[in-house]
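Student: Here is a sequence with its predicted model. Questions after.
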Amino acid sequence: MSENGYLLELHNVSQVYGSGERRFTAIKDFNLTLKEGEFAALLGPTGCGKSTLLRIISGLQVPTAGQVMYRSRPLVGVNPHATIVFQTFALFPWLTVQENVEVALKARGVPAKLRATRALDLLDRVGLDGFENAYPRELSGGMLQKVGFARAMAVEPELLCLDEPFSALDVLSAEALRGELLELWTSGKIPTRAILLVTHNIDEAVFMADRIVVMEKDPGRVILDLKVDLPHPRQRKNSQFLELVDKVYAILAGQTQPEHVELGTAPGEPGRTRSLPHITINDLTGLLEHLGEMPGNRTDIYRLADGLKINPDYFLSLIEAAELLGFATIAHGDITLTPLGDTFAEAGILARKGIFATRIRRLPLFKWLMTLLNAADKKQLEWDVVQTALELEFHEEEAERQLDTAIDWGRYAEILAYDDGSQVLYLEPAA
Amino acid sequence: MKESQRLFRTLQPFHRAIAWGDVVVFLGLGVLLYWGVRLAFGTPAVIAGPEIDLSPAMLPYYVGLSLRRMAVAYFLSLLFSLSYGSLAANHRLAEKILLPLLDVLQSVPLLSFLPVVLLSLVAVLPLTLALELSSIILIFTSQVWNMTFAWYQSLTTIPRELRLTSTILGFNSWLSFKTMELPFAAITLIWNSMASWAGGWFFLMAAEMFTAGERNFRLPGLGSYLQAAANQGNLAAIGWGLAALILTIVVLDQFIWRPLLAWSDRFKLQLVESENPPTSWFYSALRSSRLFAFFSRRLIYSPWQRLDEWLMRLFTAPGPPHLRKNRFPKFWYALGAAAGLIILYESYQAGQMLLGLSLEQWRAITIGLLATLARVFIALCIALAWTIPVGVVIGTNRRLANWLQPLVQVTASVPATALFPVVVLMVAGLPGGLNLAAVLLMLLGTQWYLLFNIIAGASAIPQDLKYTTALLQLGRWERWRTLILPAIFPFVITGSITATGGAWNASIVAEYTQFGGRIIHTTGVGAIIAQATAAGDYPLLLAATLALILTVSTTNRLLWRRLYRLAEERYRMG
């Protein structure tokens, strides 16, 4: 056993991609410890480096800085006591269910006869007996993930890492599988000592984990470490449960800051450049209209998310956009439509475009872009030029996405135009 | 129709103009040719070719000889592809060198190497061995690049999660190869093997019937049989020869490739059942045959099991990629530097040889290049003129497609070079006979690629869009302009790239030939190469070959690649 009782320790782990001016810090000074018997959930928005962390923890990737300790020893190479279950199942389509499980045993040098018995036993435990000769394409998503779990169990991992394992499943299969996994875990039928679940589903984290670690992005780091003391099986309608979900939502959604903080600074200037949330205008309009129908134009964020049945991650981006544009304010886990947001929601198409245009002109990123375009020859710039400039603030993919979103918003507001053929960005003549 | 889409997809991965890497590759190729040419000074001036027996009873023997060459070259290509592709996919530094090399090699007209390879090998090896070897080398070079590229691409596009899983489960290299890499690549590897065989036949026929003046480099085989038959005007023998060739290709298709394709359907990555999987009657028959099951259990399964266990023990699990030591640098940099120096020195020597050429000869090469370019262009235009309307009609009409597709496939499977002697026989009496024959040969070699691609493109047009144009009551021309032409454009471009490559290759055999005991030739760079081979004018041979390679690669870069990029970015559906 380890000396200090910790199964896993991460000390000041950082991950930096790229070099020179294009350096991008994905994870910064990340600390995390995991004890035996713990089921922790890692929660955070897309791009906060959750999956990177799992790869670092399992030894698939070496962090730029910091230390990974397993049972008080520095981790070298792939951790033989850890495994990952992926969102996409990562099954070999050309192997049968049984072969998919067996291959894990084969890699560990288990003799052929023993492989078959062990594999069948594992499949039996996850409830897949009778399907051993089926190919993955014959199974539903829920069953595929069961194969994924059986394969992970085959190597008897002490540390089980789950990378959004329920995200690709339909609502009902996901719920069933969550219950079954908890059953295996709480009954001690599996040799697993600790589970680390990466998810962006707040409800799921509160439902399953004993501990929730909330991360923030740009750069990825811990902003909250929360204990969940509810007994299993947990009831979703329980007030303590709801309170916890509400609390996590409130933390992730944050509070609306004074405008200058909210807007951030322009690219190239000191201070943090506020990135544009990647949402479509249509969805934002839908959200605002929906909010407008609420009594007092305000509601609980958690309830709103629950009612809309959309990806929680995307939902948070939508809220962020509404906040950034001044259409809504967020405080104490509640979202309120501002008078401007209300006007926008009520307005016709052209009036909406007008309001939207005046709002985005206030965003530093847009101001910067307009200044750049105004100064340019013929008031037009090539995509690559703008992207290169943006890469001083964002990493390559993010810069591309930022520009994509900016063009989308700018086109809607009729202040920007873009010609895909020549890849040239220019100001709308009227703007 | 999906088949043809996969079959004729040329891979043009690099969106860059001419880079220093290309210069190095060209110099390297130039040096290789120069060495070949220098060796060629020892080639005997007269080489008597084999006697070809035109009796149909001899055909199985000739078919066997040709098949043997194809098979040897194919297995060499496969081995080469697997190792080269893996090396490029797994080592950063190797990738930087190997990919541009691959890129250039797959775009040069390799048939132009035939004379140099033949001359140099004949000079150093016993005659028969040299001829066999050069035909195999030629076929190998025609088969290998697309397979290598397919393998490399497969390796680099294996889904990240599968790769991570194999690492975290501790797969060793054999287990990764067997359960992940090979199955993942299986389908495209098989399609590319089929394409390689088709290309291989083209080269084999050319290699078997190549003669230059007193030097008769022919090899006994189907190619020389057809040529001898045409030369003697023996129509019956031509018929037999062609029948044997078509039969061989159809048999290979039905008994090897179709079963392989049907079998490989299990390696599709998608997790849903495919709608219409490839079928093969022979494969179905094998699967239901008890005798086969018995044999495969006894003769294949248990030795395979034992081999598998042995290989599992042989390889130990590698660490994750970043922990593997990079042993590359020092040794390879040293080797690279040495190779660079040799290339530079030898390029200088080659340059000296080229300087010996008279202005007159350079002018002849230029005119020859222009003449051949014109022929290639005319052949492409004729091919486009008929394949676009016909391809669109077949592609948009499923019933017609079901009827015509097999017919077109059989016709297309006959390598154009095999038909060349017959074409010459037909047009020899006409004015400008060989000129016509050359264009015809290029046409025969090019049109099928185009037709298949256009059929594939037309059949990929979404039904909704077709309905929309009908609902909008667009006129015939408007419909072509707004829907059909843009939709097939990417396919026309990919088809044209492959087609022009084939046409340039064809020029080597098409512009100079011996017929009925006399030499006929026309103006063209192919003719210059053949004449130089016959006369032993090696500096001219080197100059013409290099000029041809340079021209083709340059047009590839400057014209086709740009069009391809445009097509990919603007007109790709879905």
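Tutor: That came through, no problem.
Student: Report how many residues lie close to the residue of chain A found nearest chain B.
Tutor: Using CB to the nearest CB, residue A:90 is the residue of chain A that sits closest to chain B, at 3.8 Å. No exception for glycine: its C-beta is placed from N, CA and C like everyone else's. Using other CB atoms under 10 Å in any protein chain shown as the criterion, residue A:90 is surrounded by 23 other residues.
Student: List the residues that contact the nearest residue to residue B:436 once chain neighbours are set aside.
Tutor: The shortest distance from residue B:436 to any residue other than its chain neighbours is 5.0 Å, reached at residue B:427 (CB to CB, 6 or more residues apart in numbering or on different chains). Contacts of residue B:427 were listed using CB atoms under 8 Å, 6 or more residues apart in numbering or on different chains, and they are B:433-434, B:436-437, B:440.
Student: again, but for residue A:269
Tutor: If you count contacts by CB under 8 Å, 6+ apart, residue A:269 has them with residue A:364.
Student: okay, now the domains of chain A?
Tutor: Chain A breaks down into these domains under automatic domain parsing: A:6-251, A:277-351, A:359-427.
Student: Next, format those as CSV and append mean pLDDT.
Tutor: As requested, those are exported to CSV (pLDDT from 0 to 100):
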stretch, mean pLDDT
domain A:6-251, 88
domain A:277-351, 87
domain A:359-427, 87
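Student: Among these, single out whichever gets nearest to residue B:114.
Tutor: With CB to CB as the measure, domain A:6-251 is the member of those nearest residue B:114 (40.6 Å).
Student: what about that closest one, distance to the chain center?
Tutor: Taking the mean of its C-alpha atoms, domain A:6-251 sits 14 Å from the chain's own mean (CA atoms, centre = their mean, to the nearest Å).
Student: Kindly report the same for stretch B:297-314.
Tutor: Chain-centre distance of stretch B:297-314: 34 Å, with CA atoms, centre = their mean.
Student: So for it, mean pLDDT?
Tutor: Confidence over stretch B:297-314, taken as the mean pLDDT, stands at 79.
Student: Give me the contact list for the helix or strand residue A:113 falls within.
Tutor: Assessed by DSSP states H and E, residue A:113 sits inside helix A:112-125. For helix A:112-125, the external contacting residues (CB under 8 Å, 6+ apart) are A:97-98, A:101-102, A:105-106, A:110, A:129, A:131-132, A:147, A:150-151, A:153-154, A:184, A:189, B:309.
Student: Among these, name the buried ones.
Tutor: A:97-98, A:101-102, A:105-106, A:110, A:131-132, A:147, A:150-151, A:153-154, A:184 (16 or more other CB atoms under 10 Å in any protein chain shown).
Student: Out of the residues you listed, name the two that are farthest from one another.
Tutor: For the buried ones among the contacts of helix A:112-125, the maximum inter-member distance is 23.5 Å, found between A:106 and A:184 (CB to CB).
Student: Tell me the secondary structure at the residue most central in space within chain A.
Tutor: Centroid-nearest residue in chain A: residue A:46, 3.1 Å away (criterion: CA atoms, centre = their mean). Secondary structure, DSSP: H, G, I helix; E, B strand; the rest coil: residue A:46 is coil.
Student: Distance check, it against residue A:57.
Tutor: Taking CB to CB, to the nearest Å as the criterion, residue A:46 is separated from residue A:57 by 19 Å.
Student: Over to residue B:467?
Tutor: 53 Å.
Student: and the two? which has more neighbours close in?
Tutor: Using other CB under 10 Å, the more surrounded residue of residue B:467 and residue A:57 is residue A:57, with 26 against 10.
Student: which residues does that one contact?
Tutor: With CB under 8 Å, 6+ apart as the criterion, the residues that contact residue A:57 are A:8, A:10, A:68, A:79, A:82, A:159, A:161, A:196.
Student: So which of these sit within strands?
Tutor: Residues of those located in strands (DSSP state E): A:8, A:10, A:68, A:82, A:159, A:161, A:196.
Student: Look at the fourth one and say how many residues are nearby.
Tutor: Read that as residue A:82. Close neighbours of residue A:82, defined as other CB under 10 Å, add up to 25.
Student: And the last one, by the same measure?
Tutor: For residue A:196, the count of nearby residues is 28 (other CB under 10 Å).
Student: No further queries at this time; thank you.
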